[in-house]
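Engineer: Quick one, structure for this:
(chains A and B)
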2 protein chains.
Amino acid sequence: MNEGKSIRCEAKEAEKLVNMEDWKKRVLSKSLKVAVIGIGRIGLPTSLMIAKAGYKTFGIDIKQDYIDKINQGGGNPPIKFILDEPELPKILKEVVSNGKFKATIIFKEPISLADIIIICVPTPITKQKVPDYTIINKVVENIASLKDIIQNKIILIESTVGPLYVKNKAIPLIENISGLKINRDFWIVSCPERANPGNIMKNLISIPRIVGASNEFACDIVANFYKNIFGVEIIKVSNPRTANSVKLIENIFRVVNIAFANEIAQLSRLLDIDYMEIIKGAKSKYNFLPHFPGPGVGGPCLPSNPYYLMDDGYRVSFTPNLVRSATEINQRQPSHIIELIFEGLNEIGKSISGTPIAILGIAYKPNVKDIQISPSIPIIEDLKQFNASITIYDPYFKGETLLGINIESDYTFLKHNYPLIIILTGHEEFKSQGFKDLLKECNQLKLLIDCQNIFKIMELPKKIYYIGVGRPLKLIE
Amino acid sequence: MNEGKSIRCEAKEAEKLVNMEDWKKRVLSKSLKVAVIGIGRIGLPTSLMIAKAGYKTFGIDIKQDYIDKINQGGGNPPIKFILDEPELPKILKEVVSNGKFKATIIFKEPISLADIIIICVPTPITKQKVPDYTIINKVVENIASLKDIIQNKIILIESTVGPLYVKNKAIPLIENISGLKINRDFWIVSCPERANPGNIMKNLISIPRIVGASNEFACDIVANFYKNIFGVEIIKVSNPRTANSVKLIENIFRVVNIAFANEIAQLSRLLDIDYMEIIKGAKSKYNFLPHFPGPGVGGPCLPSNPYYLMDDGYRVSFTPNLVRSATEINQRQPSHIIELIFEGLNEIGKSISGTPIAILGIAYKPNVKDIQISPSIPIIEDLKQFNASITIYDPYFKGETLLGINIESDYTFLKHNYPLIIILTGHEEFKSQGFKDLLKECNQLKLLIDCQNIFKIMELPKKIYYIGVGRPLKLIE
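Structural biologist: Just a heads-up that it's a prediction; the model follows:
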């Protein structure tokens, strides 16, 4: 078993077995075929870009109605995350109608036709905060069970996995089940996706890709192939474990720095300092990069990526204490918001129970239709525990029912009867002049808790109390 | 007592008492006089820039021979840190000879002549890692004891202090000792220095300055004055505690990110991944800022600044756990280097005791003549405990005796008899082609430990073992 300790040392072995020139020709002539397993938020855009570049592409997923919607060009109502990626529907229609892309729930046939099998399934964490490799392991096992079919194919993993996953789990799984041998019968390449929801299509054609492979042949082919499709810089690294570390570290860098912002914001409040003023100053230093406090981190990456790294750390008896501390700080941030709510309500002589509360924004970040692991969930659950009467508005979930609450269809309800407004997500709509004007018409408003610090103090209605994250309670005068 | 809760609210009070226009005129006409207390690494360059701009400036310090050297234009041999700032000697000679600058050990007379009193004394930490305010408190007390002299003067603090220092310590000290009243009889302004040793003169005229004052009058005057002298952007913040937080947070941002690099480097070694390869990939993401692992942090700022923040955190019953964890990781990094030394020596079948060890670089960072709180100190001390036989070379300390060891006058001694070379500081000289060529002539060299990862693997001599920080042991082939 060999994960590819260095690119160079295994080149000769590979050359014996494969016709490099033939593969390269098929990349260039676009006769190469591709199967993408998992065509969700990342897998679908990736598939479509491959198909748009001219490669016959099969998108495999598990639910028939979802597959049908995709083969109908997005469906009506469309698949939810398509709303976040405005360029997606046009490309989808184009590649479905020209036959370059086909979505299917059938596994074996597309795999048998494909030269490159791309894995884009989710790698979440369990409720106990442990990496959950169940889905990707099942996919790898299913691939391995197709012994006669997968020979001479490249398996490309885009899903986020721990550094040790390919070497210690994926390769042994495939070798043991199929009896095939890595770098002789098949290859594994890690090229972790690096796109951010809301900007996936733009990111795919602008952010360089990191390629680490089981040997130099597979590294070269995937580098050529992705360069051809996305037109971005390709950075080759020595092996899959390095490629997967890159993905984890760049996201954990954000986790650590957001935790630092959250920690300093908590301290700022106690020291009667406005965190946003600290940032105004600090960002003028050439080697400082500003990060902002908030209600916590959410989404598919930031809450789970640290656990994928820590989990492999534990395997080699190493606890990354800084990463763990950062992760815990961000996870406790929703409780800190509850603290701020109590502090503010106390100032206006009210309690959570009995005070109509308006919540604006529940998505895990601005301008996306996504509440996965959103800090709004524990905050709303906590408020419910305190018998809160909650009204929610989020422009991305108008009219839907979430967390047992109907989402309002616009924010005009705020005008009456809401002493407390809490902004959880910094959607563009809440930064608009229209919204600022409306706030001034909210005649019952006494307390505004701004978990995204989207307001300048001078823009706020007079005679209300204002609390930001890291911005101490202030009576606006 | 009032530290200036907001700039705006105290403007009227100030206007009653001072003639703003008169102060502004004296800034413009350069008739304003200045006393700088503490003319070391920061205070001297600051004094000289003020004097060069045309203001009569007194530099106050405590040692007569140091004062004499400065009044002689730097002395011979010159004051050590002058070597790190090539522009300094010329300006020093200019302002000494034209009479705009005078260094002195006398305290009272310059203070009586000055309109603005600038405090630039060191604020170190004790061996028990507690902020040591002894020096600055003594200076503040001495100023306060000059009751009749300091009326209508601005006291400007450039020294790094905790957020609460001005409000809870400096103002009460002065008010209690002198009987004077803040914002009526005197003003306090924080404008923390932001320059990095080795680039102080450049930084002074390029990095914006943060000004937070006891009231708007003092903030305006100092903003005008520093704008006039340094020509940089002036960022006004609400009060001294915010200004001092900016200084601490921008440095602690580096502490946290260097600790993150050190932690991931330790994990990389255990996972057989090259940290430098991770960075090569991660830095291609638009929101990632690379930081590098090493033997730990040193110098006047990074090792001590976190304690100034934590200390004020403890006062409000808040432990910044992330900052504490980061600080501890960096402090334990020298022990990690000892681990790497043992691992490498084991590979070549040797022990610390009995193996001639060459150490290159002892300064706390590249290209400065400064070993304060340098991680080289605990590393060398530890090696001595293991009966090491150590030879040291550092281009900034040629021929001197430090830590009981004579520093070599060049690095040619390496050619013979040194199985182990340890690079602790990444001075430019060690990155030169000449040095790389010499390494290949070191016929006894078996192990190179590169604590700054300054080498590319391909540049190294063959058949030696190489260990970087976060770069696993490797036999160079």
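
Engineer: Let me see the ranges of the strands in the stretch 351-477 of chain A.
Structural biologist: For the stretch 351-477 of chain A, the strands defined by DSSP state E, counting those that start in this stretch occupy A:356-360, A:389-393, A:401-402, A:405-408, A:420-423, A:447-450, A:465-468, A:471-475.

Engineer: possible to save these as JSON lines with mean neighbour count, mean pLDDT and distance to chain B?
Structural biologist: For every residue, glycine as well, the C-beta is placed using N, CA and C. Listed next are these as JSON lines, based on neighbours: other Cβ atoms under 10 Å in any protein chain shown; pLDDT from 0 to 100; distance: least, Cβ to the nearest Cβ, whole Å:
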{"stretch": "strand A:356-360", "mean neighbour count": "22", "mean pLDDT": "98", "distance to chain B": "26"}
{"stretch": "strand A:389-393", "mean neighbour count": "18", "mean pLDDT": "97", "distance to chain B": "29"}
{"stretch": "strand A:401-402", "mean neighbour count": "12", "mean pLDDT": "94", "distance to chain B": "29"}
{"stretch": "strand A:405-408", "mean neighbour count": "16", "mean pLDDT": "96", "distance to chain B": "30"}
{"stretch": "strand A:420-423", "mean neighbour count": "24", "mean pLDDT": "98", "distance to chain B": "23"}
{"stretch": "strand A:447-450", "mean neighbour count": "23", "mean pLDDT": "98", "distance to chain B": "18"}
{"stretch": "strand A:465-468", "mean neighbour count": "22", "mean pLDDT": "98", "distance to chain B": "14"}
{"stretch": "strand A:471-475", "mean neighbour count": "16", "mean pLDDT": "96", "distance to chain B": "10"}
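
Engineer: Of the ones you listed, give the one that comes closest to A:Y275.
Structural biologist: A:Y275 sits nearest to strand A:471-475 of all these, at 6.3 Å, using Cβ to Cβ.

Engineer: Which neighbouring elements make contact with the closest one?
Structural biologist: helix A:240-270, helix A:321-347, strand A:465-468 (3 or more Cβ pairs under 8 Å, 6 or more residues apart in numbering or on different chains; DSSP states H and E).

Engineer: same thing but at 10 Å, please
Structural biologist: helix A:240-270, helix A:275-282, helix A:321-347, strand A:447-450, strand A:465-468 (3 or more Cβ pairs under 10 Å, 6 or more residues apart in numbering or on different chains; DSSP states H and E).

Engineer: For A:V189, grab phi and psi.
Structural biologist: phi -130, psi 140 (degrees, to the nearest 10).

Engineer: contacting residues around the closest residue in space to it that isn't next to it in sequence?
Structural biologist: Spatial nearest neighbour of A:V189, chain neighbours left out: A:A213 (4.2 Å); criterion: Cβ to Cβ, 6 or more residues apart in numbering or on different chains. Residues in contact with A:A213 (Cβ atoms under 10 Å, 6 or more residues apart in numbering or on different chains) are A:3-4, A:7, A:10, A:14, A:154, A:156, A:166, A:183, A:187-191, A:219-223, A:236-240, A:243.

Engineer: among the residues you listed, which are in strands?
Structural biologist: A:I154, A:L156, A:W187, A:I188, A:V189, A:S190, A:K236, A:V237 (DSSP state E).

Engineer: Against chain B, how distant is the last one?
Structural biologist: When Cβ to the nearest Cβ, to the nearest Å is the yardstick, A:V237 and chain B sit 5 Å from each other.

Engineer: who does that residue bridge with?
Structural biologist: Beta-bridge pairing for A:V237 (DSSP bridges): A:G212.

Engineer: What is the burial count for it?
Structural biologist: 25 (other Cβ atoms under 10 Å in any protein chain shown).

Engineer: Any idea which residue of the stretch 251-400 of chain A lies closest to chain B?
Structural biologist: Residue of the stretch 251-400 of chain A nearest chain B, by Cβ to the nearest Cβ: A:G281 (3.5 Å).

Engineer: Can you tell me the closest non-neighbouring residue to that residue?
Structural biologist: Among residues not flanking A:G281 along the chain, B:V246 sits closest, at 3.5 Å (Cβ to Cβ, 6+ apart).

Engineer: Just to check, the one you found is in contact with A:K283?
Structural biologist: Yes. Using Cβ atoms under 10 Å, B:V246 is in contact with A:K283, at 9.5 Å.

Engineer: Which of these two has more residues huddled nearby?
Structural biologist: B:V246 (28 against 15).

Engineer: residues contacting the more buried one?
Structural biologist: Residues near B:V246 by Cβ under 10 Å, 6+ apart: A:273, A:277-285, A:288, B:163, B:190, B:192, B:194, B:210, B:212, B:235, B:237.

Engineer: Give me the pLDDT value at it.
Structural biologist: Note on B:V246: pLDDT of 98.

Engineer: and the gap between it and A:L473?
Structural biologist: Going from B:V246 to A:L473 by Cβ to Cβ, to the nearest Å gives 22 Å.

Engineer: What of A:C191?
Structural biologist: A:C191 sits 48 Å away from A:L473, going by Cβ to Cβ.

Engineer: Then A:L113?
Structural biologist: Distance from A:L113 to A:L473, by Cβ to Cβ: 63 Å.

Engineer: again, but for A:E263
Structural biologist: 19 Å.

Engineer: what do you get for A:L44?
Structural biologist: 45 Å.

Engineer: and if you look at A:P378?
Structural biologist: Counting by Cβ to Cβ - A:P378 and A:L473 are separated by 22 Å.

Engineer: How about A:N224?
Structural biologist: From A:N224 to A:L473 the distance is 58 Å (Cβ to Cβ).

Engineer: can you pull out the helices in the stretch 351-477 of chain A?
Structural biologist: A:376-385, A:433-441 (DSSP state H, counting those that start in this stretch).

Engineer: now do the stretch 1-150 of chain A
Structural biologist: Using DSSP H, counting those that start in this stretch, helices in the stretch 1-150 of chain A cover A:11-17, A:20-29, A:43-52, A:64-71, A:88-97, A:108-113, A:134-144.
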